[in-house]
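Trainee: Here's my sequence, what's the structure:
(2 chains)
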Protein chains: 2
Amino acid sequence: MYIELDDQSSTPIYLQLANQIIRGIANKELVPYEALPSGRMLAGDLGINMHTVNKAYHYLEDKRFIQVQPKSGAMIHPEAVRAASASEVQLLKERLQPIIDEARCLRLSKEAIYQLIKECENDD
Amino acid sequence: MYIELDDQSSTPIYLQLANQIIRGIANKELVPYEALPSGRMLAGDLGINMHTVNKAYHYLEDKRFIQVQPKSGAMIHPEAVRAASASEVQLLKERLQPIIDEARCLRLSKEAIYQLIKECENDD
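Mentor: Residues are numbered from 1 along each chain as shown, chains lettered A, B, ... in the order given. This next block holds a predicted model:
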């Protein structure tokens, strides 16, 4: 899987990394039980700090997209692809809310917003 | 307009404040040219640091949702409600992308995502 980080972005590096791993899961490039490189190795490959990788891994662990075990390292969570819980749906909605509010100020129609989402779903 | 801040949220306070002002614009509770309280006054009302309010105002100014003038203070931008530029649409898409990726891992159908968006649009 190819990971691209943009240090000019307003999104912190750890979150860019975590988001791309989530995207890899959504696109089935990364599958449940698949091993992830160690923090040290991935940091070396990407030219970033190991703590940044660890922060991404913690974020993904909290969201149950990866599992980290002291001995065997990190892997894609067995239930990384799963039916959303009610609280997961609620959190997604809370994250969507400010974007939709902004889209309404910018006079995007419902159809234009749906079109953007369709593009997000197809971009692999 | 009622502003509610949650210091337990993972969203920084300045961003919660900015998002609620954007929401106020989307819902027409705040209209172009409407004056906003000074940073000092709003900070006092909300029980937060003045720098936090200023950070929210700078964020909104960068996005052209408010205008800040040295003498007359802050007001809702004359073009706060406007047709989105191509780069504004692109930025919205980039913010939607990780949420849609996550929704796909959580097996939300396109219809379920549209339903969430409909709820975001109706929540006033």
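
Trainee: going forward, measure contacts between C-alpha atoms and count neighbours the same way
Mentor: Fine.

Trainee: What pLDDT does the model give residue A:123?
Mentor: We have a pLDDT of 62 for residue A:123.

Trainee: Chain B contacts on chain A?
Mentor: Selection of chain A residues close to chain B by CA under 8 Å from any CA of the partner chain yields A:19, A:22-23, A:25-26, A:80-84, A:92-93, A:95-108, A:114, A:116-117, A:120-121.

Trainee: Please repeat the previous calculation with a cut-off of 7 Å.
Mentor: Within chain A, the positions near chain B by CA under 7 Å from any CA of the partner chain are A:19, A:22-23, A:25-26, A:80-84, A:92-93, A:97-102, A:104-107, A:116, A:120-121.

Trainee: Any quick PyMOL command for the buried ones out of those residues?
Mentor: Burial among the residues of chain A next to chain B is assessed by 16 or more other CA atoms under 10 Å in any protein chain shown; the matching PyMOL selection reads:
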select buried, chain A and resi 19+22+23+25+26+80+81+84+92+93+97+98+99+100+101+102+104+105+106+116+120+121
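
Trainee: out of the residues of chain A next to chain B, which are inside helices?
Mentor: If you go by DSSP state H, those have A:19, A:22-23, A:25-26, A:92-93, A:97-102, A:104-105, A:116, A:120-121 in helices.

Trainee: Outline the domain layout of chain A.
Mentor: Per the record, chain A has its domains at A:13-76, A:86-122, by automatic domain parsing.

Trainee: In JSON lines: these, plus distance to residue B:59.
Mentor: As requested, the domains of chain A are exported to JSON lines (distance: least, CA to CA, whole Å):
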{"stretch": "domain A:13-76", "distance to residue B:59": "20"}
{"stretch": "domain A:86-122", "distance to residue B:59": "13"}
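
Trainee: Find the nearest non-adjacent residue to the residue most central in space within chain A, please.
Mentor: When CA atoms, centre = their mean is applied to chain A, the residue found nearest the centroid is residue A:19 (2.3 Å). Nearest non-adjacent residue to residue A:19, counting by CA to CA, 6 or more residues apart in numbering or on different chains: residue B:98, 5.8 Å away.

Trainee: cool, and residue A:23?
Mentor: Distances taken as CA to CA, 6+ apart put residue B:101 closest to residue A:23, at 5.3 Å, once the chain neighbours are dropped.
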